[in-house]
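No letters, just coordinates:
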């Protein structure tokens, strides 16, 4: 009676060993054919590569309800970001407009002082004509520099989106 039990036990281990070997072999060879992973090499398909070292884990795509919920959340965030961007644009426009007003006022002062290239002489300039000429040259350079600044500020204002009706009131 001991012999049939031993043979039966040996046969069971042998069958179990074959099953384990078969499972190990199935996970042992994995091919990648484009974006698809398979255990068998499809006949006639070229470009498949044998992957080495490990199992492949398949990640499930989110269900439609999850993607709808995520899309709604993204839309809410984008609406909030849009409002923040409009506020930043309005602040930038206000700052640039104030800088433009200051530069225009400065330009008016410089042009008035320059007096078409003949500004009034000041104290030491009556005795030293070169000081007068230097000041006239400095005034002319300041006017040109300020005109360049004005043009840059106007370009920046043109680049900004127009203020909406509710912001201008």
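That came in fine, so what should we check first? It should be emphasised that the depicted structure is a prediction, and the values quoted were computed from it without experimental measurement.

Now do the strands in this protein.
Here the chain has its strands, by DSSP state E, at 30-33, 36-38, 49-51.

Of all those strands, which one comes closest to residue 76?
Taking Cβ to Cβ, strand 36-38 is the member of these nearest to residue 76, at 36.3 Å. The C-beta positions use only the backbone N, C-alpha and C, and glycine is treated the same way.

Give me the helices and strands touching that closest one, please.
Using 3 or more Cβ pairs under 8 Å, 6 or more residues apart in numbering; DSSP states H and E, the elements in contact with strand 36-38 are strand 30-33.

What is the strand it packs on packed up against?
strand 36-38, strand 49-51.

if we can go back for a sec, could you dump the strands of the chain to TSV with mean neighbour count?
Putting the strands of the chain into TSV (neighbours: other Cβ atoms under 10 Å) gives the following:
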stretch	mean neighbour count
strand 30-33	16
strand 36-38	13
strand 49-51	10
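
Can you convert the ones you listed into a markdown table and add a column each for distance to residue 70?
Output for the strands of the chain, formatted as a markdown table (distance: least, Cβ to Cβ, whole Å):
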| stretch | distance to residue 70 |
| --- | --- |
| strand 30-33 | 29 |
| strand 36-38 | 26 |
| strand 49-51 | 31 |
